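> have a look; sequence and predicted model below, questions after that.
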Amino acid sequence: MNNSKRAPTSKEQYQKRLDEMKSVVYAWNLTDIYNYVMCKNDMHVCNFLGFDAIMEKFNTNRVINKEFPKGRREFELSDRPERIRKGLEIVMFLCRHPRSNLKTMLGIQDFLKIYKDVLSDFDKKNSENYKEKLLYSFRKGLYRLESEAKLKNKREK
C-alpha cells in the first residue's frame, strides 16, 4: 500500500495560488488595486495572479447591503465618475501590462460585455471616449500575447 501523496498538478497549484490572491484582492478598495497594478504595493508582487484576481473581482463580485439587497456590480451607472474612471484606467493598464496573460485578457473581454452600459453612459455623460480607448488597449494586449506566442513557437523549433 502506497501512502505517498501525489504531487499537485500545475493547474491545481495555479488555482491554489489564485485563491490565496483573491482573498487579498477582494479586501482591497480601488486605490489599493490601482497601486498594485502600478507596482507600488510593497506587500504583494505585481503579477498575472493578481491581475486574474482583479478581473474576477470586477466581473463577479456582488456587493450586498441595505441599499442593494440583491447585490450590485463593482461599477454601476449611479457611481461617481471618478470611481468609474479609476476602474476603467485600471482595466486599460491591465490590457497593456507586460505581465498580463490570456486569462487576464479573457477577463477583460468579459468586463467589456458586463459593463457595456456603464461604459456607454460614462462616455456620454462625461464627453470621454473610454470605450474606444479600452477596445484599442484590448486589441494591443491581444496582439502582444500573439507576438509572444509566435516568438516562443519560433524558439522551440
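Cool, the structure landed.

> from here on, just use CA atoms for contacts and neighbour counts.
Will do.

> which residues of this structure score low on pLDDT?
1-4, 61-72 (pLDDT under 70).

> Phe48 touches Ser100, doesn't it?
Yes. With contacts counted by C-alpha atoms under 8 Å, Phe48 reaches Ser100, the gap being 5.3 Å.

> any idea which helix is longest in this structure?
helix 130-156 (DSSP state H).

> give me the buried positions along that helix.
Buried residues in helix 130-156, counted by 16 or more other C-alpha atoms under 10 Å: 130-131, 134-135, 137-138, 141-142, 144-145.

> in a markdown table: those, plus distance to Tyr14.
Output for the buried residues of helix 130-156, formatted as a markdown table (distance: C-alpha to C-alpha, whole Å):
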| residue | distance to Tyr14 |
| --- | --- |
| Tyr130 | 32 |
| Lys131 | 32 |
| Leu134 | 28 |
| Leu135 | 28 |
| Ser137 | 26 |
| Phe138 | 24 |
| Gly141 | 22 |
| Leu142 | 22 |
| Arg144 | 23 |
| Leu145 | 19 |
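
> quick check, central residue of the chain?
With distances taken as C-alpha atoms, centre = their mean, the residue of the chain nearest its centroid is Met55 (2.6 Å).

> name the element it belongs to?
helix 48-60 (DSSP states H and E).

> between the buried residues of helix 130-156, which sits nearest Ile114?
Of all these, Lys131 has the smallest distance to Ile114: 12.7 Å, by C-alpha to C-alpha.

> distance of the closest one relative to Asn41?
From Lys131 across to Asn41, the span is 28 Å (C-alpha to C-alpha, to the nearest Å).

> so Cys46: helix, strand or coil?
coil (DSSP: H, G, I helix; E, B strand; the rest coil).

> what sits closest to it if chain neighbours are left out?
Closest residue to Cys46 apart from its sequence neighbours, by C-alpha to C-alpha, 6 or more residues apart in numbering: Cys39 at 5.6 Å.

> pretty sure that neighbour contacts Asn47?
No. Taking contacts as C-alpha under 8 Å, Cys39 lies outside contact range of Asn47: 9.0 Å.

> between these two, who's got more neighbours?
Asn47 (16 against 13; other C-alpha atoms under 10 Å).
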